[in-house]
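Student: pasting the sequence and the predicted model now:
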Amino acid sequence: MEANAPKRKEARKSLRIKVISMGNAEVGKSCIIKRYCEKRFVPKYLATIGIDYGVTKVQVRDREIKVNIFDMAGHPFFYEVRQTQLWAPRHRAALSLHVSVAFSICQLSSASLWGLDMQSTLCLNEIDCTKHRSVDESEGRLWAESRGFLYFETSAQTGEGINEMFQTFYSAIIDLCDNGGKRPPSSMGVGFTKEQADAIRRIRNSKDSWDMLGVKPGATRDEVNKAYRKLAVLLHPDKCVAPGSEDAFKAVVNARTALLKNIK
Ligand code: GTP
Ligand code: MG
């Protein structure tokens, strides 16, 4: 009994994690992994054929983690190859399948097509290319956090955000593991509701002030004020911590002011 104790302790400390890169072709999945493992950046695009595999060891808190990295090709041609990994049985020594995702800063909309799981990390890459940027940080963060994903912005070219992303990802997995596979209470809930997230998204995408307040063109002062009050309560910065809520709140205030100016 006594003699087995250190061994059991050792086994508890060692963990194997499987990281899978997912996302459209050419968004920088392989470059993120190369930057992380080899500390270098390759500007030339070399499409991944099928799946590339690599291993590395990291120390996170008191745990030694063996990381198996599966870098998947994003091209649709490799759909079936990808499925073999996504549905592969959980590794016997591993906690389970965990998915790390990379999307370019212009392609957030395609993220939902990749069927992400509960431990997904959404990574918006190429933040060094600001002129191509079409998704801002609060939009990306809102998208990810409202689905329970970790969110990071990275550049494989400069290295910004890459180590931090992997370390936070591993820490989250260790917490999950220590909590018997359930999310620890501290990471449960994102601190904002679906209604708040939906309202922010709707406000961002609205075409005019009427649309922003959710009233019909030609609505009365009372209707405008009623709609405004409802949104103000929902999104007031003192009450709402959802990414983008401050901007959404300001937009609603401005929309109300603009509409009331023209309503008798
Ligand atoms: P597939 O293997 O086809 O799925 O593509 P991938 O997602 O692995 O893309 P890859 O990592 O090969 O990178 C595609 C192109 O984007 C390459 O030309 C990279 O040099 C470039 N790239 C990747 N990350 C960055 C980045 O952070 N900044 C800049 N400027 N370019 C990047
Ligand atoms: Mg690749």
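Tutor: Yep, that arrived. Ligands and ions are numbered 1, 2, ... in the order given.
Student: for this protein, what lies in contact range of ligand 1?
Tutor: 23, 25-31, 42-43, 45-48, 73-75, 125-126, 128-129, 155-157 (CB under 6 Å from any ligand atom). Quick note: C-beta positions are derived from backbone N, CA and C, even for glycine.
Student: show residues contacting stretch 256-264.
Tutor: For stretch 256-264, the surrounding residues in contact (CB atoms under 8 Å, 6 or more residues apart in numbering) are 209-210, 213, 219-221, 224-225, 228.
Student: try it again with 10 Å
Tutor: Outside stretch 256-264, the residues within contact range by CB atoms under 10 Å, 6 or more residues apart in numbering are 208-210, 212-213, 215, 217-225, 227-229, 231-232.
Student: what's the answer for stretch 76-85, then?
Tutor: Residues from elsewhere that reach stretch 76-85 (CB under 10 Å, 6+ apart): 18, 20, 22, 24-25, 47-51, 53, 70, 72-75, 97, 99, 114.
Student: redo that, cut-off 7 Å
Tutor: 20, 50-51, 70, 72 (CB atoms under 7 Å, 6 or more residues apart in numbering).
Student: can you confirm whether it lies near ligand 2?
Tutor: No: counting by CB under 5 Å from the ion, ligand 2 is not contacted by stretch 76-85; separation bottoms out at 10.1 Å.
Student: so what's the most centrally placed residue in the chain closest to, chain neighbours aside?
Tutor: The structure's the chain has its C-alpha centroid closest to Leu122; by CA atoms, centre = their mean the separation is 2.7 Å. In this structure, Leu122 finds its nearest non-sequential neighbour in Ala144, 3.9 Å apart by CB to CB, 6 or more residues apart in numbering.
Student: and the one you found, which helix or strand is it part of?
Tutor: helix 137-145 (DSSP states H and E).
Student: try Asp238
Tutor: Here Asp238, judged by DSSP H and E, is contained in no helix and no strand.
Student: how many other residues sit next to it?
Tutor: By other CB atoms under 10 Å, 6 other residues sit near Asp238.
Student: ok, now Glu195?
Tutor: Using other CB under 10 Å, Glu195 has 11 other residues around it.
Student: what pLDDT does it get?
Tutor: On pLDDT, Glu195 comes in at 88.
Student: sec struct for Ala199, please.
Tutor: Following DSSP: H, G, I helix; E, B strand; the rest coil, Ala199 is assigned to helix.
Student: separation between the nearest residue to it once chain neighbours are set aside and Glu195?
Tutor: In space, and not counting its chain neighbours, Ala199 is closest to Leu234: 5.6 Å by CB to CB, 6+ apart. Applying CB to CB, to the nearest Å, the value for Leu234 to Glu195 is 7 Å.
Student: likewise for Lys261?
Tutor: 29 Å.
Student: mind showing which ranges of the stretch 51-200 of the chain have poor pLDDT?
Tutor: 85-119, 180-190 (pLDDT under 70).
Student: residue of it with the smallest distance to ligand 1?
Tutor: Nearest residue of the stretch 51-200 of the chain to ligand 1, counting by CB to the nearest ligand atom: Gly74, 2.9 Å away.
Student: isn't that residue up against Ile20?
Tutor: No: the pair Gly74 / Ile20 is not scored as a contact, 11.9 Å apart, by CB atoms under 7 Å.
Student: which stretches of the stretch 51-200 of the chain form helices?
Tutor: 79-86, 137-145, 162-178, 194-204 (DSSP state H, counting those that start in this stretch).
Student: just name the most buried of these.
Tutor: For those, the largest average neighbour count (mean count of other CB atoms under 10 Å) is found in helix 137-145, namely a mean of 20.
Student: chain center to that helix: distance?
Tutor: Its chain's C-alpha centre lies 7 Å from the corresponding centre of helix 137-145 when counted by CA atoms, centre = their mean, to the nearest Å.
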